[in-house]
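Sequence first, predicted model second:
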Amino acid sequence: MTDAGGVWQAAYIVAALSIVLSIKWLASPVTARRGVLSGEIGMLFAVVGTLLRHEVVSYQWIVISFAIGAAIGAPLAYLMPMTAVPQLTALSHAFGAFAAALVGTAEYYRYVSAGTPVTGFTMGALVIETVLGYLTFTASILAFGKLQELVPTRPLTYRGQNFVNLALLVFAVSLGIWMIVEPTPAWVFPTFTGLSLLFGVLLILPIGGGDMPTVIALLNSYAGAACAAMGFALGNRLLIIAGAVNASSGFILSVIMCKAMNRSFANVLFGAFGQVQAGAVAHTTQKPVHSATPEDAAEILASARKVIVVPGYGMAVAQAQHKLRELTDALTKRGVDVQFAIHPVAGRMPGHMNVLLAEADIPYDRLHEMEDINPDFAEADVALVIGANDVVNPAARHDTTSPIYGMPILDVDKAHTVMVIKRSMNPGFAGIDNELYYMDRTLMLFGDAKGFVGEIVKALPNTN
Amino acid sequence: MSNDLEVSLYVLVLAVPLGLELVRRVSPLLHTPLMSLTNAISAISVVGAILISGAGDSPTLSKVLGCIAVTSSTINIVAGFLITDRMLKMFRTKKGAK
C-alpha cells in the first residue's frame, strides 16, 4: 500500500463513491439512467486504478481478455429480447461468479507455489469466496437453463434430498475448515471445488419456474458476498464495499419475494421450495365456468369506466404486452381509466412485469404495486387477468389447506366483472385449482393471450 | 488483529447497512434494473482478476485462471450495464416524452 503518488487509491475512492451513488440514483425512474452512468464510471475507475498498481506488470493478456469479454457481453445484452431478461441476468451472474471463483482458485495456487504461510483469516476469506463463487456459478447456469427451458422447469425432487444436500454441505465445510487450520494435501482443494460446483446444481434442482424470482435475487446476494470475501482475501476495500452493497441488495430483494409468497427465509435457504405442488391437485374441473367471445369482452370493456389489468408470466410467454398496449390506448381514447396491478412475484424475476410493460410503451405511472391498488378493485368495473393465476387466487385468503394459504394476493374477485385470459382450464404452475374461475362474475376468455387481446381490440365498437 | 484487517472490518460493517438502506429506497417498479445493475457491479471482482493475472510473481496456472476470470467478469460488466441502460430507456411517463 505504499505506491508513489497514491493514484490508484484515489481512483478506488472515486470508484466506491460512484458505485454507492449509482444505487442511490436508481431509486427513482427520473434519475435512474444517471445511476447507470455513475456505475459505469465507478467500474472504469476501479479497472484503470487497478491497472496502474505497481504489482500489475504485464498488460497484453489482460487487454486481450477485456476484448474477448466485451465482444461476448455486448451482443448478449443487445440481442436478447426483453422477455429473456431473467435468463440473461442469470447467465451474467454465472460469468461474474465464475470470475470470483477463478480468482479464489488462482490465489490459492499462488500461495501454494510461493510457499508463504497464509493467515487463517485470509484462507477463510479465500474459502468463502471460492465456495460461493463456484456454487453461484453452477446454480446460475442451471437457473438459466430452467428459465430458457433447456432443462425441465418443474422441480426435481427425490426422497432424502435435503439430507443429501446437507451431508454434502457439511463435507465441503469440513474441508474448508481443514484448509483454514493447516496446509492440506493436494487433493483437498480440487475436491472442495467439485463439491461447491455440485452443491450449486443440487440447490436449484428442486426449484420450479415460479420460485425463480427469489432464487435469482438470492444468487445475486451470493455473488456479492463472494466479492466481499475476495476483498478480505486480497485486502482490497473497494471489493468489500461493492460486494457488501451488492449482497445486501440481493438479500433485500429475496426477502421481499419471500414475503410476497408468504414463505420464511429459512424455507428458501434450505431449498425446500418445490414442495408446494405436492398433493392439492384435486382436479375439480367439473364445475361450470362462464366463457365469453372477444366480442362480448370488447363490449363490456368499452362500456366500463375503470379497468384494472393484472399481468402475469403468461403475458410474457405469449409476448402479449404490445397488443395490451393497443388495447390500453383504444380504451383510454374512449375515456376508460386503465390501470395495471403488479404483484411482487409476477413473472420470473423481481420487477419483471414492469420492464415488459415499459417495453410496450405503457407509461410507468399507470403501474401500481399490490398494496396501493388493492383497495381500488372494489370500484373497478372490470379486472382483466392476463396470464396470472396463483397471485389472484382467493383461496390464499381463506382456505387453510391450500398450499398458497396466507400469500398476499391481488383482490381481483372484488371487481364488478372479472375477465381471465387463459389457454385452458389447466391449473397454473403450483398445480392449484383457482376458485376465481368459477365465480358468477367471472368470464373465462380461452385462447392465446396475444391473439385474444388483438381480437378484443378489433372487436371494439367504433366511436370516432 | 492487524490494523489493516480492523479497518477492513469497519468498512464491512458500515457498507452492509448502507447497502440495505440504499436498496430499500429503490421503487419496486425498478427492481429488475436494480438486479441487473447490482449484477454488473458484482463484476468488480475484475479487480482481483487483473491483480492475479498481471502480477509478476503469479505461477502460470494462476495467470491463466486470472485471464479467464478477466474475460468472464468483463462479459458480466458489459452485459450488465448495457441491459440495465436498455431497460431504463424504456421507462417513461407519457408517450413521446423520451
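Thanks, I have it.

could you measure residue A:323 against residue B:27, distance?
26 Å (CB to CB, to the nearest Å). The C-beta positions use only the backbone N, C-alpha and C, and glycine is treated the same way.

What pLDDT is listed against residue A:131?
Residue A:131 is assigned 93 on the pLDDT scale.

ditto for residue A:433
pLDDT, residue A:433: 76.

so how many other residues sit close to it?
Look at residue A:433: counted by other CB atoms under 10 Å in any protein chain shown, it has 21 neighbours.

Quickly note the distance from it to residue A:402.
From residue A:433 over to residue A:402 the distance is 9 Å, taken as CB to CB.

what does residue A:12 give?
With distances taken as CB to CB, residue A:12 is found 52 Å from residue A:402.

ditto for residue A:52
Noted for residue A:52: a distance of 60 Å to residue A:402, by CB to CB.

between these two, which one's more packed in?
Taking other CB under 10 Å, residue A:52 and residue A:402 do not tie; residue A:402 has more neighbours (21 against 13).

Helix or strand: which one has the closest residue to chain B within chain A?
Closest contact between chain A and chain B, by CB to the nearest CB, is at residue A:69 (2.4 Å). If you go by DSSP states H and E, residue A:69 is part of helix A:60-79.

That helix packs against which elements?
Secondary-structure packing of helix A:60-79 (3 or more CB pairs under 8 Å, 6 or more residues apart in numbering or on different chains; DSSP states H and E): helix A:85-114, helix B:46-54, helix B:60-88.

quick one: is the helix or strand where residue A:129 lies near chain B?
Per DSSP H and E: residue A:129 is located in helix A:120-147. Yes. Counting by CB under 8 Å from any CB of the partner chain, chain B has neighbours in helix A:120-147: residue A:121.

do the same with stretch A:400-411
No. Between stretch A:400-411 and chain B, judged by CB under 8 Å from any CB, nothing touches; the nearest distance is 13.2 Å.

what about residue A:371, which SS state?
Classification of residue A:371 by DSSP: H, G, I helix; E, B strand; the rest coil places it in helix.

likewise residue A:159?
coil.

still on that earlier bit, what about the helix holding residue A:69, distance to the chain center?
With CA atoms, centre = their mean, to the nearest Å as the basis, helix A:60-79 stands 24 Å off its chain's centre.

again with stretch A:16-31
Chain-centre distance of stretch A:16-31: 20 Å, with CA atoms, centre = their mean.

avg pLDDT for it?
92.

With stretch A:315-329 instead?
Averaged over stretch A:315-329, pLDDT sits at 90.

ok, the residue nearest the centre of chain A - contacts?
Centroid-nearest residue in chain A, with CA atoms, centre = their mean: residue A:349, separated by 3.0 Å. Applying CB atoms under 8 Å, 6 or more residues apart in numbering or on different chains, we find residue A:349 in contact with A:85-86, A:89, A:212-213, A:216-217, B:31-32, B:35.

out of everything not next to it in sequence, what's closest to residue A:205?
Spatial nearest neighbour of residue A:205, chain neighbours left out: residue A:156 (4.5 Å); criterion: CB to CB, 6 or more residues apart in numbering or on different chains.

Which pLDDT value goes with the one you found?
pLDDT for residue A:156: 72.

ditto for residue A:2
Looking at residue A:2, its pLDDT reads 49.

Taking the centroid of chain B, which residue is nearest it?
The centroid of chain B falls nearest to residue B:41 when counting by CA atoms, centre = their mean (1.4 Å).

Wait, a strand at residue A:309?
Yes. Assessed with three-state DSSP, residue A:309 lies in a strand.

And it, how close does it get to residue A:358?
According to CB to CB, residue A:309 and residue A:358 sit 14 Å apart.

Residue B:7 now?
Counting by CB to CB, the separation of residue B:7 from residue A:358 is 42 Å.

what's the answer for residue B:33, then?
With CB to CB as the criterion, residue B:33 and residue A:358 are 10 Å apart.

Neighbours of whichever residue of chain B sits closest to chain A, how many?
Chain B approaches chain A most closely through residue B:74 (2.4 Å), counting by CB to the nearest CB. When neighbours are defined as other CB under 10 Å, residue B:74 has 26 of them.

Then the one 3 residues further on?
When counting by other CB under 10 Å, one arrives at 32 neighbours for residue B:77.

just residue A:188 next, same as before
By other CB under 10 Å, 14 other residues sit near residue A:188.

so residue A:78 touches residue B:86, yeah?
Yes. Here residue A:78 reaches residue B:86: they are 7.3 Å apart, a contact under CB atoms under 8 Å.

re earlier: the residue of chain B closest to chain A contacts residue A:71, doesn't it?
No. Contact criterion CB under 8 Å: residue B:74 and residue A:71 do not qualify, at 9.2 Å.

measure residue A:25 to residue A:39 for me?
9 Å.

Same check on residue A:14?
Going from residue A:14 to residue A:39 by CB to CB gives 13 Å.

who's more crowded, the two?
The residue with more neighbours, out of residue A:14 and residue A:39, is residue A:39; 29 against 17, by other CB under 10 Å.

Show me what the helix or strand hosting the more buried one packs onto, helices and strands only.
Residue A:39 belongs to helix A:32-51 when assigned by DSSP H and E. With contacts taken as 3+ CB pairs under 8 Å, 6+ apart, helix A:32-51 sits against helix A:7-25, helix B:31-42, helix B:46-54, helix B:60-88.

Low-confidence regions, chain B specifically.
For chain B, the stretches flagged by pLDDT under 70 are B:1-2, B:94-98.
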